[in-house]
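>>> Output the structure for:
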Amino acid sequence: MKYACMIYTSEAANAEQFPAGSPEFNEMIAGYMAFGEEAGAAGVLIGGDALEDTSTSTTVRVRNGDIGTTDGPFAETKEQLGGSYFLECKDLDEAISWAAKIPGASHGCVEVRPVPDFG
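As a prediction, the model looks like this:
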């Protein structure tokens with residue numbers, strides 16, 4: 001079964017804890033690279049990517065055929081979606097065990113959600 005592992009952390013806290021170019025930032029990135037290598041070698045990694053900060057996002061709504069856009073995310077939250085992985089796992093327990101290895105789980109959270117097969 002496919003699972004989406006969505007990584008939520010606080011952009012503000014991350015900026016303080018992992019300033020770009022700092023040893024802490026480099027260690028965090030190395031953790032994500034190691035996760036990708038391990039999950040890839042195990043054959044469970046389907047794909048994934050990081051996202052730019054929410055300040056770069058645009059929310060789109062269509063109402064009565066009219067397209068409306070607003071800058072920024074849809075909701076104000078304490079934690080923001082920073083990226084995701086898609087994994088192929090035998091069950092939820094296996095997906096959870098992989099999600100626990102994602103570095104963001106140690107300072108934010110990882111939401112694990114099954115991906116339906118509409119085919």
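>>> Now for this protein: which helix has the highest residue count?
Ordering each helix of the chain by length in residues (DSSP state H) puts helix 23-41 first.
>>> Please name every helix or strand in contact with the very next helix or strand once past it.
Later in the chain than helix 23-41, the nearest helix or strand by DSSP states H and E is strand 45-50. In terms of contacts (3 or more CB pairs under 8 Å, 6 or more residues apart in numbering; DSSP states H and E), strand 45-50 is packed against helix 23-41, strand 80-88. Backbone N, C-alpha and C define where each C-beta goes, glycine included.
>>> List of residues touching the following helix or strand past strand 45-50?
Using DSSP H and E, the helix or strand that follows strand 45-50 in sequence is strand 58-63. Residues external to strand 58-63 that are found in contact with it (CB atoms under 8 Å, 6 or more residues apart in numbering): Ile67, Gly68, Thr69, Thr70, Asp71, Gly72, Pro73, Phe74.
>>> What is the burial count for the third one?
Think Thr69. 8 (other CB atoms under 10 Å).
>>> Report pLDDT for it.
With respect to pLDDT, Thr69 scores 94.
>>> Who does the host helix or strand of it pair with, and is each partner parallel or antiparallel?
Counting by DSSP H and E, the element that carries Thr69 is strand 66-71. Paired strands of strand 66-71, with direction, are strand 58-63 (antiparallel) (DSSP bridges).
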